[in-house]
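A.B. asks: Sequence and predicted structure, then a few things I'm wondering about:
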Amino acid sequence: MDRLVNNLKTTVLMGSLMGLVLAVGYLIGGQAALLPALVIGGVMNLFAYYFSDKIALATMRAQEISAHDDPALWRMVERLAARAALPMPRVYISPAAAPNAFATGRGPRHSAVCVTAGLRQMLNEDELEGVIAHELSHIKHRDVLISTIAAIMAGAITWVAYMAFWGGRDRRANPLVGLLLLIFAPLAAGLIRMAISRSREFEADRLGAELAGSARGLARSLQKLDAANRRIPLRVPDGQSSLFIVQPLTGSDMTKLMSTHPPTEERVARLMEMERRR
């Protein structure tokens, strides 16, 4: 039931993002602007669909490994992927010192799991298994594609709003409307994207704990990674922050409020409640 509710919520939120693209286009130029706005959203989605994995891995300077490079990690991914009824994803290690991990790819047959060198050194076997299971859950539910599309569409909305404000001076568009769009459209897009990401993180935690056979390892890893990333921030583009298992950037309370991830304390509490019910 929880899975159905999460999927329905994600569908509604994704529809809201596309609706926001069309609404911004309509406010800029009326019905004549609907088609260009739709095209912008579609082109951004296609770009995200085919190239988001390559961009994310390149940003992290990740290198693909084989079973000979890290046999323990490789066997763990292979075992959990089989348990999740998934094709074996490509496995990458990033040289980043900040401990973190992410999954990417447009679907189960075109997927990859990446862990940082910092994570590989910090976690024990049970904790690492919880992290890998969490990332495979994202792949199984195609969350990577959903999150990437949401990020790209949010960026498109911001770009269209920017054009409405600075380009409206030479057209019939109302400058006040352009200003309001410049302020509120990106904010609305960001809130919708945040809601999508948080919903998918809770679901990946739940399924990840089931795949690993216990919620304790994942709960402990989240606590360790959250604390470590406050000391060793991992600087990545905003559009990629939702891919990681814990929020890679730290900052003010406002930053935490707009985080693409649920509070770690809430995630751990839910996992431990799962463990108590076993």
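C.D. replies: All right, it came through fine.
A.B. asks: who touches residue 135 in this structure?
C.D. replies: Applying Cβ atoms under 8 Å, 6 or more residues apart in numbering to residue 135 gives the contacts 101, 102, 103, 113, 204, 208, 245. Just so you know, the C-beta spots here come from the backbone N, C-alpha and C atoms, and that holds for glycine as well.
A.B. asks: Doesn't the third one lie inside a helix?
C.D. replies: Think residue 103. No: under DSSP: H, G, I helix; E, B strand; the rest coil, residue 103 sits outside any helix and is assigned strand.
A.B. asks: Make 17 the starting number, not 1.
C.D. replies: That works, and once the first residue is 17, the last one we named lands at residue 119.
A.B. asks: quick one: what helix or strand has the closest residue to it other than its chain neighbours in it?
C.D. replies: Using Cβ to Cβ, 6 or more residues apart in numbering and skipping residues adjacent in sequence, the residue nearest residue 119 is residue 151, 4.0 Å away. Here residue 151 sits within helix 141-156, counting by DSSP states H and E.
A.B. asks: Do me a favour and average the pLDDT over that helix.
C.D. replies: Average pLDDT, helix 141-156: 96.
A.B. asks: which residues of this protein score low on pLDDT?
C.D. replies: Low-confidence segments of the chain (pLDDT under 70): 17-54, 56-58, 60-62, 64-65, 161, 163-209, 254-255, 265-274.
A.B. asks: mind redoing it with 50?
C.D. replies: Within the chain, the stretches with pLDDT under 50 are 17-18, 21-23, 25, 185-186, 266-271.
A.B. asks: Do a quick rundown of the strands in it.
C.D. replies: Assigned by DSSP state E, the strands in the chain fall at 79-81, 106-110, 117-123, 126-132.
A.B. asks: name the helices or strands packed onto the first one?
C.D. replies: Contact analysis of strand 79-81 by 3 or more Cβ pairs under 8 Å, 6 or more residues apart in numbering; DSSP states H and E lists strand 106-110 as its packing neighbours.
A.B. asks: winner for burial among the strands of the chain?
C.D. replies: Most buried of those, by mean neighbour count (mean count of other Cβ atoms under 10 Å): strand 126-132, with a mean of 24.
A.B. asks: Count the neighbours of the spatially closest residue to residue 253 that is not a sequence neighbour for me.
C.D. replies: Using Cβ to Cβ, 6+ apart and skipping the chain neighbours, the partner closest in space to residue 253 is residue 75 (6.8 Å). Using other Cβ atoms under 10 Å, residue 75 is surrounded by 15 other residues.
A.B. asks: I'd like to check which residues are in contact with residue 75.
C.D. replies: 252, 253, 256.
A.B. asks: What's the ChimeraX line that selects buried ones from these?
C.D. replies: Buried members of those, defined by 16 or more other Cβ atoms under 10 Å, are picked up in ChimeraX with:
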select :252,256
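A.B. asks: Distance to residue 233 for the strands of the chain - can I get that in a markdown table?
C.D. replies: Putting these into a markdown table (distance: least, Cβ to Cβ, whole Å) gives the following:
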| stretch | distance to residue 233 |
| --- | --- |
| strand 79-81 | 22 |
| strand 106-110 | 19 |
| strand 117-123 | 13 |
| strand 126-132 | 15 |
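A.B. asks: How about the contacts made by the closest residue to residue 135 other than its chain neighbours?
C.D. replies: In space, and not counting its chain neighbours, residue 135 is closest to residue 115: 3.9 Å by Cβ to Cβ, 6+ apart. With contact set as Cβ under 8 Å, 6+ apart, residue 115 has these partners: 132, 134, 135, 137, 138, 139, 240, 241, 244, 245, 248.
A.B. asks: would TSV of the residues you listed with distance to residue 105 be doable?
C.D. replies: TSV is the format used below for the contacts of residue 115 (distance: Cβ to Cβ, whole Å):
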residue	distance to residue 105
132	16
134	21
135	16
137	22
138	22
139	19
240	23
241	20
244	24
245	23
248	26
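A.B. asks: Fine by me, thanks again.
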